[in-house]
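Visitor: Fold the following, please.
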Amino acid sequence: MTEILANINYWVTIILMIAGLYIVAAHGNMIKKLVGLGIFQTSVYLLFLSPGKILGGTAPIISEDFDLYSNPLPHVLILTAIVVGVATLALGMALVVRIYEAYGTIEDDEVHDMEKE
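Guide: Predicted coordinates:
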């Protein structure tokens, strides 16, 4: 049980990844697909940040008082990834709005059927 609790952040990451991937694959509604994509992106952020924090570590400022430092690079990269993720979701929402204006629906199957006609 302590093994599971010691790695709880990885278990949460796995659950979020599976949930996000399932939502993207199983639903035909484009808004739900974008929500699933957001959940999946969040799990990737958590996966990337998990090994970045070292318990007992300090900011990487060289000092004789500290021997253990945390790596700030993953946190900085995730800030950039969050901005890109928000832009991706905003573009996806704009495309869904445009598809709704053109076809009157946001369901994949209905749009594909209208395209075939």
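Visitor: Tell me the pLDDT of residue 5.
Guide: Residue 5 is assigned 80 on the pLDDT scale.
Visitor: Correction: the previous question concerned residue 74.
Guide: pLDDT at residue 74 comes out at 85.
Visitor: element containing it?
Guide: Per DSSP states H and E: residue 74 is located in helix 73-103.
Visitor: The residue positioned nearest the centre of the chain: helix or strand, and which one exactly?
Guide: In the chain, the C-alpha nearest the mean C-alpha coordinate belongs to residue 41, at 1.2 Å (Cα atoms, centre = their mean). Under the criterion DSSP H and E, the helix or strand holding residue 41 is helix 30-49.
Visitor: thinking again about what came up before, and the helix holding residue 74, how far from the chain's centre?
Guide: 11 Å (Cα atoms, centre = their mean, to the nearest Å).
Visitor: Could you do stretch 103-117 as well?
Guide: Centre to centre, stretch against its chain (Cα atoms, centre = their mean), the figure for stretch 103-117 is 28 Å.
Visitor: Contacts for that stretch next, please.
Guide: Stretch 103-117 is contacted by residues 28-31, 96, 99-100 when judged by Cβ atoms under 8 Å, 6 or more residues apart in numbering. In this view, the C-beta of every residue, glycine as well, is placed from N, C-alpha and C.
Visitor: repeat for stretch 2-15
Guide: Contacts for stretch 2-15 (Cβ under 8 Å, 6+ apart): 43, 46-47, 50.
Visitor: which parts of the helix holding residue 41 are buried?
Guide: 30, 33-47 (16 or more other Cβ atoms under 10 Å).
Visitor: and the angle for it with helix 73-103?
Guide: Going by axes from the mean of the first three to the mean of the last three Cα atoms, to 10 degrees, helix 30-49 is angled at 170 degrees with respect to helix 73-103.
Visitor: just to revisit the earlier point, wait, what's in contact with the residue nearest to the centre of the chain?
Guide: Going by Cβ under 8 Å, 6+ apart, residue 41 touches 20, 81, 85, 88.
Visitor: which one of the residues you listed sits closest to residue 71?
Guide: Using Cβ to Cβ, residue 81 is the member of the contacts of residue 41 that sits closest to residue 71, with 15.9 Å.
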